[in-house]
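Student: Here is my input, please return the structure:
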Amino acid sequence: MNDSTEAIETIESEIEDQQADLKSFDILTYPADYTLEGLVQKYQSEEIVIPTFQRSFVWSKVQASRLIDSFLKGLPVPPIFLYTETDSDKLLVIDGQQRLKSIAYFFEGFFGEEKQGKRPVFRLSGLEEHNQFQSCTYSDLESQFPSFYSKLNNSVLRSFIMRQVSSEDNTSIYHVFERLNTGGTTLSPQEIRNCIHHGRLNDLLHDLNDLEEWRTIFGRQDRESRQRDIELILRFFALLELGHKYEKPMKNFLNEFMANRRSPDEKRVASYSDIFLRTTSVIERELGPRPFHIRTGLNAAVFDCVYVAVAKQIDNLPEDLGDRYRKLINDNEFLERVTSATTDETTVSRRLEIAFTALQ
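Tutor: Numbering: from 1, shown residues only. So this is what the prediction gives:
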């Protein structure tokens, strides 16, 4: 393991995260058999929405072509999963983005998003030898194969729509998304939150993540690919505001915090931004670059308790803050405390208390 931020010492163990599975949820799920023509219309009118920060379209033209060919041949295609909130008429794509966009692109006649003012024409490609639809566009089907054109428009892609019935715990959508997106490279917890808790708080996290002083503290100038840098900022806000109410696992604690504060008002956004900027400025100035890189990488437990401690007394910090911090991280008893049972309620509470006292 190198000393880059890829070596972040996580404080979430798989065993602790699995405790989230002990919860039960009240979710209403029902099928909807949309025609492809209907799906495209809903997507283009934004009745069906790809979540902000959802992974981009990654299918190749061959993959998308084979999907269209499956519909033309009457072969089964996996369903897509949509989620709707009680107070919204929008359908959020939880699983099936690649399929939905492939269909929409073919109907539009162009493949992928516009780049430098251009979009390539979507001609079916990579199909088996002698396939009559090879090189066909959507308009070609209409003129050359009218019966298949009609068949494609009226083909059905089964959709499962989910709605959470109970409002007591609004994290069910997180677990649904997590379980549906475990193929290939598993999405990180923060990548999932970005997809399902899009809103002003999420936008703020991304804006703050580009702050130059924060990049110096985090230890690299480019964004972390799995968004652990963004998760640390979220973790700071959550423990600063609700550390006294913390319950493990950490993953669920962050899920609920982000879900409940997805769209804060301007006053709260300004407050979050101000305290993060001031705290980051002090830490970068007094503790120097990469101050939380201890042993093998960035120690998230040391990060959260020190960041919270500094923020809570931002207007009354000691002049020897740097010396106090160095003394703290050279205390083997403290380091042992923050690296064992690190998301246990007692451990989180105790390390926040120790850091606050040491830096007071």
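Student: thinking T35 is in contact with K151, fair?
Tutor: No - assessed by C-beta atoms under 8 Å, T35 is found out of contact with K151, at 10.6 Å. Any C-beta I mention is one placed from the backbone N, CA and C, and that applies to glycine too.
Student: so where's the stretch 201-350 of the chain uncertain?
Tutor: 340-341 (pLDDT under 70).
Student: All the strands of it, residue numbers only.
Tutor: 293-294, 297-298 (DSSP state E, counting those that start in this stretch).
Student: Which of those sits closest to K118?
Tutor: Go through those one by one with C-beta to C-beta and the one that ends up closest to K118 is strand 297-298, at 41.2 Å.
Student: Can you list the strands that the closest one pairs with?
Tutor: Strand 297-298 has the following strand partners under DSSP bridges: strand 293-294 (antiparallel).
Student: thinking again about what came up before, quick one, which of the strands of the stretch 201-350 of the chain is packed in tightest?
Tutor: Among the strands of the stretch 201-350 of the chain, ranked by average contacts under mean count of other C-beta atoms under 10 Å, first place goes to strand 297-298 (a mean of 24).
Student: gap between that strand and the chain center?
Tutor: Mean-position distance between strand 297-298 and its chain equals 21 Å (C-alpha atoms, centre = their mean, to the nearest Å).
Student: could you dump the strands of the stretch 201-350 of the chain to TSV with distance to L254?
Tutor: What follows is the strands of the stretch 201-350 of the chain, written out as TSV (distance: least, C-beta to C-beta, whole Å):
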stretch	distance to L254
strand 293-294	22
strand 297-298	17
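Student: What segments of the stretch 101-250 of the chain are helices?
Tutor: 138-144, 146-154, 172-180, 189-196, 200-209, 212-218, 228-242, 250-260 (DSSP state H, counting those that start in this stretch).
Student: hang on, I meant the stretch 251-360 of the chain
Tutor: 266-287, 300-312, 321-329, 332-338, 345-358.
Student: Could you list the low-confidence segments of the stretch 1-150 of the chain?
Tutor: In the prediction, the stretch 1-150 of the chain carries residues with pLDDT under 70 at positions 1-25, 52-55, 86-87.
Student: That one: strands as residue ranges?
Tutor: Under DSSP E, counting those that start in this stretch, the stretch 1-150 of the chain gives strands at 27-35, 48-49, 80-83, 91-95.
Student: out of these, which comes closest to F145?
Tutor: Closest among the strands of the stretch 1-150 of the chain, once you apply C-beta to C-beta, is strand 27-35, at 17.7 Å.
Student: Check which helices and strands the closest one sits against.
Tutor: strand 156-164 (3 or more C-beta pairs under 8 Å, 6 or more residues apart in numbering; DSSP states H and E).
Student: now the strand it packs on against strand 27-35, angle please.
Tutor: 160 degrees (axes from the mean of the first three to the mean of the last three C-alpha atoms, to 10 degrees).
Student: If you compare the directions of strand 156-164 and strand 91-95, what angle comes out?
Tutor: Counting by the same axes, to 10 degrees, strand 156-164 lies at 110 degrees to strand 91-95.
Student: Next, the buried residues of strand 156-164.
Tutor: 157, 159-164 (16 or more other C-beta atoms under 10 Å).
Student: now these as JSON lines including pLDDT and distance to N330?
Tutor: Converted to JSON lines, the buried residues of strand 156-164 look like this (pLDDT from 0 to 100; distance: C-beta to C-beta, whole Å):
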{"residue": "L157", "pLDDT": "95", "distance to N330": "60"}
{"residue": "S159", "pLDDT": "93", "distance to N330": "57"}
{"residue": "F160", "pLDDT": "91", "distance to N330": "55"}
{"residue": "I161", "pLDDT": "90", "distance to N330": "56"}
{"residue": "M162", "pLDDT": "85", "distance to N330": "51"}
{"residue": "R163", "pLDDT": "81", "distance to N330": "53"}
{"residue": "Q164", "pLDDT": "73", "distance to N330": "48"}
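Student: In those residues, find the pair that's most separated.
Tutor: The widest separation within the buried residues of strand 156-164 (C-beta to C-beta) is 23.4 Å, between L157 and Q164.
Student: For E47, grab the count of nearby residues.
Tutor: 13 (other C-beta atoms under 10 Å).
Student: does it really touch S88, like I thought?
Tutor: No - using C-beta under 8 Å, E47 makes no contact with S88, being 10.6 Å away.
Student: Touching both of these two, which residues are there?
Tutor: In terms of C-beta atoms under 8 Å, 6 or more residues apart in numbering, E47 and S88 are not both contacted by any residue.
Student: ok, G117 - contacts?
Tutor: Contacts of G117 by C-beta under 8 Å, 6+ apart: none found.
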